[in-house]
Structure formats: C-alpha cells, structure tokens
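Novice: could you work out the structure for the sequence below:
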Amino acid sequence: MRKPQKIAMALAVALFVPQLAVSSATAARPARGPVDPPTPSIPQRYLDQPITWSVCSFDAAVKRLYPQAPTTNCAKVKVPMDWAHPNAHPDVEVAVAYSKATGKSKGLMTTNPGGPGGAGLSLSAALAAEKPQLFTDFDQLGFDPRGFGASTPLQCLTTTEKLAALPTTPDYKERTRQTHKVEVAEAALQAEACSATEFGQFVSSQQTVYDMDFLRALFKARQLNFIGYSYGTWLGGWYADTYPQRVGRFVIDSNMDWTHTQWENTNFDPFSGQRRRDTQLFPWIARHADQIQGLGSTPKQVTASYDRIRAKLVTLVKAGTSEVRGDDLDGKIYSVIYGNVRFIRGTVDILVHDEYTKDPSASGKVELRHVEKAWARLAPELQAFDTLANIRARYQIPASALTAAQAAAVSTDSTRSILADAREAALKSPSSDEVYNLGAIGTTVRCNDTAWNHDPNFYLRESDKMARKYSFFGYMNGVSMCAFWKYKPQDRKLDLTGSPRILMVQGELDPATAYEGALRTHQDTAKVTRFVAIDDEGQHGQYVGSASACAEAIGDTFVFTGELPARDKVCGTSPLPAELSVYPVNGPVDGNAVHLPRSKSTPQKVNPLLQQALDTIAAGTLR
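Specialist: Residues are numbered from 1 along each chain as shown. This next block holds a predicted model:
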C-alpha cells in the first residue's frame, strides 16, 4: 500500500496528461497575481432588519425521514447587491432556512451543494436527517446563494431575434468550422445576456462569502461551521481565506482545485469524466451483462455499443428526422456518473437511446415505448435501484407535473440545452424583439471569480485538442461565455493564512472534481488542510451517507469532537451497486486500502432529500 504521505509523489506522473492543457491556460492568468479585496463591514441596518419566518415547504419531508427533527423555518433576508458599496445599488434577497439545535449547540452549521448555482436551502436539513447528531449539536442554516434558487434570481436576458439568429451544429463533438462558429456565437450571446442587468457582475463567490459572514453575524454565531461539496469547496476555501478567524469545523468534500483558476478547474473535467466512465461505469455494465441485455460483456464491447448508438443518433439528426442528439447522450452519462447508485440510470439512458435508434419516432423524440423497452432490458435486481416513473420523467413522459424526485431525474440541464430550448421558443414567437430570460446560468459565477482569456480561439484550440485526447467528452468545454465577460474578476489569492485546520475528503476517481486538482490544492495549503483520499471510489460527494465508512468516521470525529487525524489518510470504500466486492482501479492513489463488503441482495438505503439535492447539482453541472 502506498503510504498516505507518499501520495503526493504520484502527482507529477498523474498530472502528466491533463497538465498539458493546464500549462497552456497560463494565458488566462493576469500578469500580476490576484489581490485580496478589502473585507467590508456590515452596515447595522442589515443586522436590524425585520425577518418574517414561516415553516419551510420541505419541513414535512424532513420529519418523515426523522420524526424528532426540529421545525425548519424559512425566510428571505436583505443584503447589499455590492458589499463594497452597499448604498450604490438596490438590495437583493438571500433565502435562508434555520432550525435551532435540539441539544446544547456547538454553533451554527451551514452547507453548500455545489454548482456554482446550486440551491442549498434544504441541504442542511437533508444532511441532518441522514445524520441526526447534526440536529442535536448544531443550529442548522441552509441558504440559496445569491442569484439562484429562492434568492433574488440572476436574469440572463436576451431577445427572441438574437436567439433565432443563432447558428446550429448537429454534433458539438465534430470539431468543424460550423461547430466553432456555433460555440463562439452562443458564448457571446450568453455573456451579453447574463451581464444585461446590474446584478450580473455581483453574482460571484466573493460576494456570496460576504453574505455567509453576514448570516453568521445575523444569527449571532462566533464562528461558522461548514460542509461543502464540489463548488462548495471553492466557496468554503474562499470563506476561510477571507475570514480565517471565523472558521469553525469545515469539511470540504469532492474538492475543486480552489487555489487555482476556474478555467484550470473546468479543463480537468474531460480527463476526469473520461476516467470515471472508462474505469468504472463501462466495466460495471460489462460485469452485469447477464442482467443488462445487449450492451456487451467486456468494457471494449460496451464502448463499441455506446459509440455505435451515438453515431446513429448523429446520423438521424443530420438527416433532419430527429431531435435526439448524440452530445445530449454524452451529457446525460456525464451527469449520472456523479453517483454510484446512478450507474443504473446511466445504463437505462444508453438502452433508451439504443431503442430509439432501432425504431425512431415520427415525432423525432424519445417516446414511451423506447423507455419501457429499455427498462425491460434490466434485470429486476437492477431495477430496484431506480423506478420506471423516474425514467419516464427523465424523458418528460408524460409532460405533466412532476414530484420533486422526478424533477431531479429530468435530463441534464446544460447551457446548450437551455439555448436550444430558447431558440426553439424564439422561432415560434410572433415578436422578433421579445425579451427572453435564459434563467440563472451558473457560469456567471465562474466569469466573475477569476481572470479568463478573452480570445475565443484559445478555447477552440483547447477544446479541439481535448476532443482528440478524450473521446467521451473531451469537447465539453468549448468556448466559455467568460471569454466575452465585460466585468473585472473579483479574485483573491488563497493561502488560508491564519485559518484553523480544514478537512478535505476526495474520491480517487471523481468525474467532476479531479483528484489531481484536489491534491494540488492540498499541497498549496498543507499547513492548514488534512487530506483524506478514498481509494477506488469515484462518487462525487463522500461525507454523509458515504460509500466509505472510514471517511465517514473521520468526518464524524471532526464535526462532532473537533479532532482531526494526525496525518493524511487513505480510506477504502464499499462495492458498486449489486456487487459483493470492490474492483481496484489503477489510478493516482493505488493504496491497498481495506474495502468493505456490501450485501448484494438489498440496494443501499438512500436519503431521498439528499439524493434529490445531489441529482439536481449533477443535472445542472454543465451550466
């Protein structure tokens, strides 16, 4: 077993492939490093504001999971649009959810599910319903970050005329002149739309960090405790760097490389997504060939089936007879590999598209017969991990009101799908100059957070190169709208000077936040962070309901007692769904950690509120 303190020695080799792209991204950095902005004071009028509370809409669901849960109340509180100039703009609102500890409180605990742009109002209560000692030991605070969810929404405004004029491509994976033209036009439109209101420039991590500390002060807490996932680790790192003296017990899980730029983070995604698909999802499908009809019994056969299905989808789109796209299938698979239990849903997605290519519909869309035939190709043992109702909802069959769980199952909500839907609506609009709201696009936060290269050709070259290297989703980044962003970044240089220790938890094969990037941030902050690696684990989101009892125990000890392990750790994990043992992957950790058995007969118990939150983040990941 590779000793934990030796893990970092693998970084030079493990980073070799993706680092080629990262090094070329230095052009996206300013010549002089970022300078930390001054920390603003909180005007007293915000602390004295009247607050109207009511029972949260999700409170009943929490109490179904844990009847002894305290009542969670919701409200909206006013904050400055710009904390640096609180009188210069109208106030905005942040939606909050709060409950008092049922025992002696150790302080205020808040959370963030990721994104950027993930709505986190119910997350604190959902985590506590899974781990009731959180209700006992902490006052719980959930919140939707500014610009998203029930908080004052970011509006990305354009016109139907501009939407209708957007060019199209049958497949973003085909790196042609037409695809390049489409990506540049879409990025320019998104940037213009999301900067159309004065609020756009203030939907940033730094402003959200100021909101978080205001909430700490509003609830009269000495410090803030925090559990953050994915982009929530970026937010947690920025808070710790801004307010080191206010940091309580911070668990940051599935870490972005939050000491580097947003661009360097997104440029890891094609590599890490490919690794998760090829080393875990496709081998898992192959191992269950007796329970999954028609995809193959080896990873090579499964890959060939996927490529065949995808190529047929593109052919049908090019023929003008179909709206079911190959790049949409890629997006669906990328989002479902966030979670181990969602391997079943990803498998059904592949089967649905296989059924569609065998029998395309006159409507050009996936229909009920495709879903039901695909579902029938799964053995009952695998069907137990999902429901046919959720799969129907995922394909909007029927197109009717959905439950919260079904809404979270709906297919990936990418900026490309948002623009496609908007363009379709624009073409049907009787007015060419009608204002159209694209909604709150989370990439706005990325544009505001760090400096980006403003040459769209830079991103085209990078995406073309990634598409050649990583056949699954190497093309995913394309041209960022940040290439056309008109506002200066609200950046900072993170070193966590003065902060107490923070616990970092990271799966080896995470598809969305690459292990190598998380490790690099740990190396940058080694005096402050303790690093727990989970060998052979690829789920995005580890602490609370973890597949690794070892990582769960370390997190519990820290959250409830304040005690961290004396050194970095490597943990084992438990098997993937419907399996009895862990199948090792040759990855950057490669420790022979002790893995835990799981019963093959019973699907792992899933907290529906927590799973809903994670599904929603995964579904919106490409925004």
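
Novice: for the rest of this, base every contact and every neighbour count on C-alpha atoms.
Specialist: Fine.

Novice: where do the helices sit along the stretch 1-150 of the chain?
Specialist: With DSSP state H, counting those that start in this stretch as the criterion, the stretch 1-150 of the chain has helices at 11-14, 16-24, 44-47, 59-65, 123-130, 133-137.

Novice: measure residue 225 to residue 104 for me?
Specialist: 15 Å (C-alpha to C-alpha, to the nearest Å).

Novice: settle it for me: which of the two has more neighbours?
Specialist: residue 225 (24 against 11; other C-alpha atoms under 10 Å).

Novice: surely the more buried one is in a strand?
Specialist: Yes. Counting by DSSP: H, G, I helix; E, B strand; the rest coil, residue 225 is located in a strand.

Novice: okay but it is in contact with residue 109, surely?
Specialist: Yes. Between residue 225 and residue 109 there is a contact under C-alpha atoms under 8 Å: 4.6 Å.

Novice: mind listing the shared neighbours of these two?
Specialist: Counting by C-alpha atoms under 8 Å, 6 or more residues apart in numbering, no residue touches both residue 225 and residue 109.

Novice: which SSE is residue 381 in?
Specialist: Assigning secondary structure by DSSP states H and E places residue 381 in helix 380-383.

Novice: how far does the helix or strand following that helix sit from its chain's centre?
Specialist: Next along the chain after helix 380-383, taking DSSP H and E as the criterion, comes helix 388-394. Relative to its parent chain, helix 388-394 has a centroid offset of 22 Å by C-alpha atoms, centre = their mean, to the nearest Å.

Novice: by contact count, what packs against helix 388-394?
Specialist: Contact partners of helix 388-394 among helices and strands, from 3 or more C-alpha pairs under 8 Å, 6 or more residues apart in numbering; DSSP states H and E: helix 368-376, helix 404-409.

Novice: of the ones you listed, which shows the lowest average pLDDT?
Specialist: Across those, helix 404-409 has the smallest mean pLDDT, namely a mean of 62.

Novice: which helices and strands sit right next to the helix or strand that that helix is followed by?
Specialist: Reading on from helix 404-409 to the C-terminus, the next helix or strand found by DSSP H and E is helix 415-428. The contact analysis (3+ C-alpha pairs under 8 Å, 6+ apart) places helix 415-428 against helix 160-164.

Novice: for residue 228, see how far away the residue lying closest to residue 260 once chain neighbours are set aside is.
Specialist: Closest residue to residue 260 in three dimensions, ignoring its sequence neighbours and counting by C-alpha to C-alpha, 6 or more residues apart in numbering: residue 521, at 7.7 Å. Applying C-alpha to C-alpha, the value for residue 521 to residue 228 is 15 Å.

Novice: which of those two has more residues huddled nearby?
Specialist: residue 228 (25 against 21).

Novice: tell me what that one is bridged to.
Specialist: residue 112, residue 252 (DSSP bridges).

Novice: distance of it relative to residue 249?
Specialist: Taken as C-alpha to C-alpha, the span from residue 228 to residue 249 is 11 Å.

Novice: just say helix, strand or coil for residue 313.
Specialist: Following three-state DSSP, the label given to residue 313 is helix.

Novice: 785 is where my numbering starts, stick with that
Specialist: New numbering, starting at 785: the last item is residue 1097.

Novice: ok, which stretches of the stretch 935-1084 of the chain are helices?
Specialist: Going by DSSP H, counting those that start in this stretch, the stretch 935-1084 of the chain shows helices at 944-948, 961-978, 989-1002, 1015-1026, 1046-1050, 1053-1060, 1066-1071, 1083-1102.

Novice: which one of those helices lies closest to residue 1250?
Specialist: Closest approach to residue 1250 among the helices of the stretch 935-1084 of the chain is made by helix 1053-1060 (7.1 Å; C-alpha to C-alpha).

Novice: buried stuff in the closest one?
Specialist: 1053-1060 (16 or more other C-alpha atoms under 10 Å).

Novice: surely residue 1120 and residue 1129 touch.
Specialist: Yes. Under the criterion of C-alpha under 8 Å, residue 1120 makes contact with residue 1129 at 6.9 Å.

Novice: any low-confidence regions in the protein?
Specialist: Segments of the chain classed as low confidence (criterion: pLDDT under 70) are 785-817, 1183-1197, 1375-1390, 1404-1407.

Novice: can you count the residues close to residue 1158?
Specialist: Applying other C-alpha under 10 Å, I find that residue 1158 has 23 neighbouring residues.

Novice: how about residue 961?
Specialist: 10.

Novice: same thing with residue 1170?
Specialist: The number of residues packed near residue 1170 is 15, by other C-alpha under 10 Å.

Novice: contacts only, for it.
Specialist: So residue 1170 contacts 1128-1129 (C-alpha under 8 Å, 6+ apart).

Novice: any idea how far residue 1076 is from the nearest residue to residue 1082 once chain neighbours are set aside?
Specialist: Spatial nearest neighbour of residue 1082, excluding adjacent residues (C-alpha to C-alpha, 6+ apart): residue 1070 at 4.8 Å. Distance, residue 1070 to residue 1076, by C-alpha to C-alpha: 9 Å.

Novice: look up how far residue 1258 lies from residue 847.
Specialist: From residue 847 to residue 1258 the distance is 43 Å (C-alpha to C-alpha).

Novice: kindly report the same for residue 1062.
Specialist: Taking C-alpha to C-alpha, one finds residue 1062 at 13 Å from residue 1258.

Novice: same thing with residue 1403?
Specialist: Distance from residue 1403 to residue 1258, counting by C-alpha to C-alpha: 18 Å.
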